[in-house]
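1. sequence and predicted structure are below.
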Amino acid sequence: MSTQHEEPGHGDSPAAWTAVVVMLVGVAAGTVFFFLHNPTMVWVSAGIVALGWILGGILSKVGYGVNGPKFSPKSHD
């Protein structure tokens with residue numbers, strides 16, 4: 001019985017990492033601005049989160065997703 005198995009793709013790709021990092025920056029900034037009572041910048045931060053989601057989708061469509069042609073998976077040995 002083989003101990004290695006293929007995972008269905010848990011977002012370990014440049015598209016996923018870029019999306020998550022951009023969204024984390026947006027959430028962190030939004031939290032700070034919420035604490036500072038700056039509603040305009042909270043909404044700008046929400047826009048950054050949405051931008052990260054869109055950017056991840058675009059990068060995935062261009063080929064940097066898990067099964068994209070520009071993505072080369074790394075071994076986890």
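-> Right, received. Where do you want to start?

2. residue 71 in helix, strand or coil?
-> coil (DSSP: H, G, I helix; E, B strand; the rest coil).

3. contacting residues around it?
-> For residue 71, the contact set (C-beta atoms under 8 Å, 6 or more residues apart in numbering) comprises 13-15, 63-65. Placement of C-beta: from N, CA and C, glycine included.

4. put the buried members of those residues into a ChimeraX selection.
-> Buried residues among these (16 or more other C-beta atoms under 10 Å), as a ChimeraX selection:
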select :13,14,15,64,65
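
5. for the contacts of residue 71, which one is nearest residue 55?
-> residue 15 (8.2 Å; C-beta to C-beta).

6. which strand or helix spans the closest one?
-> helix 14-35 (DSSP states H and E).

7. helix or strand right after that helix?
-> Following helix 14-35 toward the C-terminus (DSSP H and E): helix 39-59.

8. that next one to helix 14-35, inter-axis angle?
-> 170 degrees (axes from the mean of the first three to the mean of the last three C-alpha atoms, to 10 degrees).

9. using PDB, write out every CA atom in helix 39-59.
-> Extracted C-alpha coordinates of helix 39-59, given in PDB (Å, rounded to 0.1, in the frame of the first residue of the first chain):
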ATOM      1  CA  PRO A  39     -14.500  54.500   8.500                       C
ATOM      2  CA  THR A  40     -13.300  55.700   5.100                       C
ATOM      3  CA  MET A  41     -10.100  53.700   5.400                       C
ATOM      4  CA  VAL A  42     -12.000  50.700   6.700                       C
ATOM      5  CA  TRP A  43     -13.900  50.700   3.500                       C
ATOM      6  CA  VAL A  44     -10.700  51.100   1.500                       C
ATOM      7  CA  SER A  45      -9.300  48.100   3.400                       C
ATOM      8  CA  ALA A  46     -12.400  46.100   2.500                       C
ATOM      9  CA  GLY A  47     -11.700  47.100  -1.100                       C
ATOM     10  CA  ILE A  48      -8.100  45.700  -0.700                       C
ATOM     11  CA  VAL A  49      -9.600  42.400   0.500                       C
ATOM     12  CA  ALA A  50     -11.800  42.300  -2.600                       C
ATOM     13  CA  LEU A  51      -8.900  43.200  -4.800                       C
ATOM     14  CA  GLY A  52      -6.900  40.300  -3.400                       C
ATOM     15  CA  TRP A  53      -9.800  37.900  -4.200                       C
ATOM     16  CA  ILE A  54     -10.000  39.200  -7.700                       C
ATOM     17  CA  LEU A  55      -6.200  39.100  -8.100                       C
ATOM     18  CA  GLY A  56      -6.100  35.500  -7.100                       C
ATOM     19  CA  GLY A  57      -8.700  34.600  -9.600                       C
ATOM     20  CA  ILE A  58      -6.900  36.400 -12.400                       C
ATOM     21  CA  LEU A  59      -3.600  34.800 -11.600                       C
END
